[in-house]
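Asker: Build me a model:
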Amino acid sequence: MAVLNIRVNDALTINPPAGDQFYTVNGSNWSWTVAAVYTLTFAIVYALSFKARAGEKFFHYLFTVANLVGAITYFALASDIGFSVVEVSNNLNYGLTRQIFFAKYINWVVNFPIAIISLGVLSGVSWTTIIYNIFLSWTWIISYLVGAYTTTNYKWGFFTFGTVAWIALAISTLTTGLSSAARVEIRRDYVVLAGWLNLLWLLYPIAWGLSDGGNKIGVTPSFVFFGVLDILLIPVLTYATIVLSRKWDYGKLNIAFTQYGRVASAPGTFPEKAAPAPAATAAV
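Answerer: Just a heads-up that it's a prediction; the model follows:
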């Protein structure tokens, strides 16, 4: 009679957790699920990039990288790798320690800017605005990371700075980006994508305040919270962008990259392809 072998998650046996508040097998199982979602999305988008026309692969390339990074990150998290043991604050029993996973912050440092670049290029905002938004996202994430490693109530100072950066980022994507999207007649799709992104970003400060910040929920519940947010943020945004992009006019949106960068021009034309302007005549 054939013997049925049941696959057991032994990641925490090989890489044991540490601290008083630590990762559990249920958290590891959930992280493997998230890793599988990222991996499947990566494979689908990567395959679709071969089908897309040569000049219309920009979003495929962006989200291929985003999902690959997410898959690597959650592989590390599921394997109980990429953490430090930090003494918690805001707890009645001071002296307790908690596993803080810096790997998830690395994921955000890569994936938040990718989402920002996607929205910025779609809306047609300047590269200055896109870079400004990227640095705001990095300020937000790094402030939260430093706060997570702070063992006193001063962590809430870092939380405040990070949240201010997030608010500035939200204002930029919902105002400057929206007005620019209206000019290129892509307002409806931009509202859908930017609205979804900002709705999820609204929940990240709440999740952080309950987990790495306030230590109100355990390590495993925090992984469930952040895992759901991360799936909705990148894989879902990936599918939405790829589906919507099938009807976008890349020439009209000026989603083209040349030696001069993105050059705003009349729909479907690019000034650098025209003959050079004649030299100005000297004043008499």
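Asker: When you work out contacts or count neighbours from here on, use the C-alpha atoms and nothing else.
Answerer: Will do.
Asker: For stretch 25-45, buried residues please.
Answerer: By neighbour count on 16 or more other Cα atoms under 10 Å, the buried set for stretch 25-45 is 25, 27-42, 45.
Asker: Ignore what I typed, I meant stretch 214-225.
Answerer: Result for stretch 214-225 [16+ other Cα under 10 Å]: buried residues 214-216, 218-225.
Asker: Out of the residues you listed, list just those in strands.
Answerer: Among these, no residue falls in strands (DSSP state E).
Asker: Narrow those residues to those in helices?
Answerer: Using DSSP state H, the subset of these located in helices is 219-225.
Asker: Which pLDDT value goes with the spatially closest residue to Ser123 that is not a sequence neighbour?
Answerer: In space, and not counting its chain neighbours, Ser123 is closest to Ala181: 4.1 Å by Cα to Cα, 6 or more residues apart in numbering. If you check Ala181, the pLDDT there is 79.
Asker: Could you count how many residues lie near Ala181?
Answerer: Residues contacting Ala181 under the criterion other Cα atoms under 10 Å number 24.
Asker: which parts of the helix or strand encompassing it are buried?
Answerer: Using DSSP states H and E, Ala181 sits in helix 176-183. For helix 176-183, a neighbour-count test (16+ other Cα under 10 Å) marks 176-181 as buried.
Asker: With stretch 75-87 instead?
Answerer: Buried residues in stretch 75-87 (16+ other Cα under 10 Å): 75-81, 83-87.
Asker: any idea which of the buried residues of helix 176-183 is closest to Tyr204?
Answerer: Using Cα to Cα, Gly177 comes nearest to Tyr204 of the buried residues of helix 176-183, at 21.3 Å.
Asker: Now that closest one. Nearest residue, chain neighbours left out?
Answerer: Ser123 (5.7 Å).
Asker: any idea how far the one you found is from Thr173?
Answerer: Separation of Ser123 from Thr173 (Cα to Cα, to the nearest Å) stands at 9 Å.
Asker: tally of neighbours for Tyr154?
Answerer: Tyr154: 11 neighbours (other Cα under 10 Å).
Asker: Please name the residues that touch it.
Answerer: Gly147 (Cα atoms under 8 Å, 6 or more residues apart in numbering).
Asker: now do 10 Å
Answerer: Going by Cα atoms under 10 Å, 6 or more residues apart in numbering, Tyr154 touches 89, 147.
Asker: same question, Ile217
Answerer: Contacts for Ile217 (Cα under 10 Å, 6+ apart) come out as 21, 207, 209-211.
Asker: With Ser180 instead?
Answerer: With Cα under 10 Å, 6+ apart, Ser180 has these contacts: 120, 122-126, 186-187, 190.
Asker: from these, which ones fall inside helices?
Answerer: Counted as lying in helices by DSSP H, out of the contacts of Ser180, are 120, 122-123, 187, 190.
Asker: could these be laid out in CSV, adding distance to Val164 and neighbour count?
Answerer: Output for the ones in helices among the contacts of Ser180, formatted as CSV (distance: Cα to Cα, whole Å; neighbours: other Cα atoms under 10 Å):
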residue, distance to Val164, neighbour count
Gly120, 20, 25
Leu122, 25, 25
Ser123, 24, 27
Arg187, 26, 17
Tyr190, 23, 24
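Asker: so which of those residues would you say is closest to Gly157?
Answerer: Taking Cα to Cα as the measure, Gly157 sits nearest to Gly120 out of the ones in helices among the contacts of Ser180, at 29.7 Å.
Asker: and the residue lying closest to the closest one once chain neighbours are set aside, how many neighbours does it have?
Answerer: Sequence neighbours aside, Ile130 is the residue nearest to Gly120 in space, at 5.8 Å (criterion: Cα to Cα, 6+ apart). Around Ile130 there are 22 other residues, counting by other Cα under 10 Å.
Asker: Double-check that Ile130 belongs to a helix.
Answerer: Yes: according to DSSP: H, G, I helix; E, B strand; the rest coil, Ile130 belongs to a helix.
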